[in-house]
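Engineer: Got a sequence here, can you build the structure:
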Amino acid sequence: MSEVTSTQDSYDLIVLGGGSGGIAAAKEAQNLGAKVCLLDYVTPSPRGNKWGLGGTCVNVGCIPKKFMHHASILGDSIVDAQYYGWEIPESKNISLNWETLRKAIHDHIKSVNWLIRVDLRDRKIEYINGFGVFVDANTISTVAKGVERKLVGKYILIAIGGRPRYPDIPGAMEYGITSDDIFFLKNPPGKTLVVGASYIALESAGFLNGLGYNATIMMRSVPLRGFDRQMAEIIKTELEDRGVSFLKKCLPTNIEKLDDDKLKVTWKNDSDEVFSDNFDTVLFAIGRMAKTKELELENAGVKVAADGDKIDVVNEQTNVPNIYAVGDVLYKKPELTPVAILAEYGSVGMSEERAIERFGEDSLEIYHGYYKPTEFFIPQRSYRNCYLKIITKREGDQYVLGMHFIGPNAGEVIQGFAAAMRLCLTYKDLVDTIGIHPTIAEEFIRLSITKRSGKDPNPSACCN
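Structural biologist: Model prediction:
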């Protein structure tokens, strides 16, 4: 066995993690003239899956799930097309080729991985495909290609992101998968049990259902905890309307593999009644964790939150002045949670519950309504879950505290309003704006019915 040699290099900034936060910070530092080194290493999932530069979003998060979501929308569009005059033979019997979709997604992801690497090279940011651990507050140790390197940095940024959690039950890690694995499956997922009530759980069940697979969600409590409760319940209803099943107030207790490769899942409800059923795939979406213990933070004196593995910061600065942290490793900071469910949901600002808690119900005015997207008219799709609301202060021009939207292209709709809210948007600003017609985004500037009034929020007609 050859001996591991050692070298030492110095940098202005060392970045641990090659996801969105780490790459953005490395590029900005380089723009300011800093000498930068970025380390990124993906520990394989229990199922052996790993990926390249770009972090969760590019490889196993926002991007592939949006592709899956879009694929499911295309399936709906094929069915709808016949109502618009397109002659599509047996449109009700269309099916998905899982391998074609999987390959197309991974081909795109690999191209993005390469473009990121080329960009780092062109910027003269040193990239090391290795895992870094702290030696002290200024030194990182890593091994790459058989060479141990000591990297000395004036500043160090922790941006390692998070990884999915597994439940502590027999068979979970042996037979279950997570969002780290779903996009790598070589065979169609088939009948799938999704365990969890997070946005990842609902997204996964939503796109699997949209792609034609049987999907069941097992949840211990309420869906989308931390989101606006009314909107969360509408999303749940929409998923149920589309055929997603829910096992409420239940927890899995055991998973075993049968002779036919099916997975027998045993669970109990809140009354301790025991049930079981067989599935092709079991996907856990019960939360994520920051694997900070592997960084050996104690060597640098960096403290983590007492009740977990995340890092407490002030303006992204840890308790060690030259060490910073960004992204999913942060303690009690907002997480980026784009929700690409079949019933798309976009929001900016406060939930109704948070606004009431902070200002009191009597100090608020909540404008709301159902609407019917233009594309729903001819195929006569149900609009009962297409809903939006604006939460405002009651006095004066009615400063907008939160905006919530469920319906097609929710992310596209809410983005512009997010910018407006940063500039202190008021309800008066909205109603004084001329809408672009016909669009669904204009529904926000047409809202006039308040919850306080008790009037029917259902639409009377298009163009009214």
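
Engineer: Tell me how far Pro304 lies from Lys291.
Structural biologist: One correction, residue 304 is Val, not Pro. 11 Å (Cβ to Cβ, to the nearest Å). Any C-beta I mention is one placed from the backbone N, CA and C, and that applies to glycine too.

Engineer: okay, those two: which has more neighbours?
Structural biologist: The neighbour count for Val304 versus Lys291, taken as other Cβ atoms under 10 Å, is higher for Val304 (20 against 14).

Engineer: dump the residue contacts of that one.
Structural biologist: 292, 297, 310-312, 331 (Cβ atoms under 8 Å, 6 or more residues apart in numbering).

Engineer: Check which residues of the top helix by length along the chain are buried.
Structural biologist: Using DSSP state H to define each element, the chain has its longest helix at helix 98-122. Across helix 98-122, burial judged by 16 or more other Cβ atoms under 10 Å covers 98, 101-102, 105, 109, 112-113, 116-117, 120.

Engineer: Roughly how far does Thr446 sit from Leu423?
Structural biologist: Let me fix one detail, which is that residue 446 is Arg and not Thr. Taking Cβ to Cβ, one finds Arg446 at 21 Å from Leu423.

Engineer: Which parts of the stretch 351-464 of the chain are helices?
Structural biologist: 352-359, 374-377, 410-422, 427-431, 443-446 (DSSP state H, counting those that start in this stretch).

Engineer: Adjacent strands (with direction) for the helix or strand bottoming out on mean pLDDT in the chain?
Structural biologist: Scoring the helices and strands of the chain by mean pLDDT, DSSP states H and E places strand 5-16 at the bottom, with a mean of 88. Here strand 5-16 is paired, per DSSP bridges, with strand 36-39 (parallel), strand 147-158 (parallel).

Engineer: any residues touching that strand, and which ones?
Structural biologist: With contact meaning Cβ under 8 Å, 6+ apart, strand 5-16 is reached by 22, 25-26, 29, 34-39, 126, 132, 140, 146-160, 295.

Engineer: what's the helix or strand following it in contact with?
Structural biologist: Later in the chain than strand 5-16, the nearest helix or strand by DSSP states H and E is helix 20-31. Helix 20-31 is touched from outside by 12-13, 15-16, 36, 38, 40, 53-55, 57-58, 116, 119-120, 123-125, 157, 159-161, 326-327, with contacts defined as Cβ under 8 Å, 6+ apart.

Engineer: Same check on stretch 232-243?
Structural biologist: For stretch 232-243, the surrounding residues in contact (Cβ under 8 Å, 6+ apart) are 202, 205-206, 209-210, 215, 217, 222-224, 246, 339, 341-343, 345, 382, 384-385, 387, 406.

Engineer: what stretches of the stretch 51-200 of the chain score poorly on pLDDT?
Structural biologist: For the stretch 51-200 of the chain, residues meeting the criterion pLDDT under 70 lie at 91-92.

Engineer: go with 50
Structural biologist: Applying pLDDT under 50 to the stretch 51-200 of the chain flags no residue at all.

Engineer: these two touch, right, Ile88 and Ser77?
Structural biologist: No - taking contacts as Cβ atoms under 8 Å, Ile88 lies outside contact range of Ser77: 10.4 Å.

Engineer: returning to that earlier point: of the helices of the stretch 351-464 of the chain, which stretch is the most buried?
Structural biologist: helix 443-446 (a mean of 20; mean count of other Cβ atoms under 10 Å).

Engineer: For it, what is the distance to the chain centroid?
Structural biologist: 27 Å (Cα atoms, centre = their mean, to the nearest Å).

Engineer: now for that helix, which elements pack on it?
Structural biologist: Helices and strands touching helix 443-446, by 3 or more Cβ pairs under 8 Å, 6 or more residues apart in numbering; DSSP states H and E, are strand 387-393, helix 427-431.

Engineer: now with 10 Å?
Structural biologist: strand 364-370, strand 387-393, strand 400-406, helix 410-422, helix 427-431 (3 or more Cβ pairs under 10 Å, 6 or more residues apart in numbering; DSSP states H and E).

Engineer: Quick check: which of these is nearest to Thr266?
Structural biologist: Across those, Thr266 has its closest neighbour in strand 400-406 (34.7 Å, Cβ to Cβ).

Engineer: Need the mean per-residue confidence for the closest one.
Structural biologist: Average pLDDT, strand 400-406: 97.

Engineer: Just the angle for that strand relative to strand 364-370, thanks.
Structural biologist: Between strand 400-406 and strand 364-370, the angle comes out at 20 degrees (axes from the mean of the first three to the mean of the last three Cα atoms, to 10 degrees).

Engineer: Flag every buried residue along strand 400-406.
Structural biologist: 400-406.

Engineer: Of these, which is the nearest to Thr433?
Structural biologist: Taking the buried residues of strand 400-406 together and measuring to Thr433 by Cβ to Cβ, the closest member is Val400, at 12.4 Å.

Engineer: which residues touch the closest residue to that closest one other than its chain neighbours?
Structural biologist: Setting aside the residues directly before and after it, Val400 is nearest to Leu425 in space (Cβ to Cβ, 6 or more residues apart in numbering), at 4.6 Å. The contact partners of Leu425, taken as Cβ atoms under 10 Å, 6 or more residues apart in numbering, are 348-349, 390, 392, 397-401, 403, 417-419.

Engineer: re earlier: give me the subset of the contacts of stretch 232-243 that lies in helices.
Structural biologist: Residues of the contacts of stretch 232-243 located in helices (DSSP H): 202, 205-206, 209-210.

Engineer: so which of those residues would you say is closest to Glu375?
Structural biologist: Out of the ones in helices among the contacts of stretch 232-243, the member with the shortest distance to Glu375 (by Cβ to Cβ) is Gly210, at 16.0 Å.
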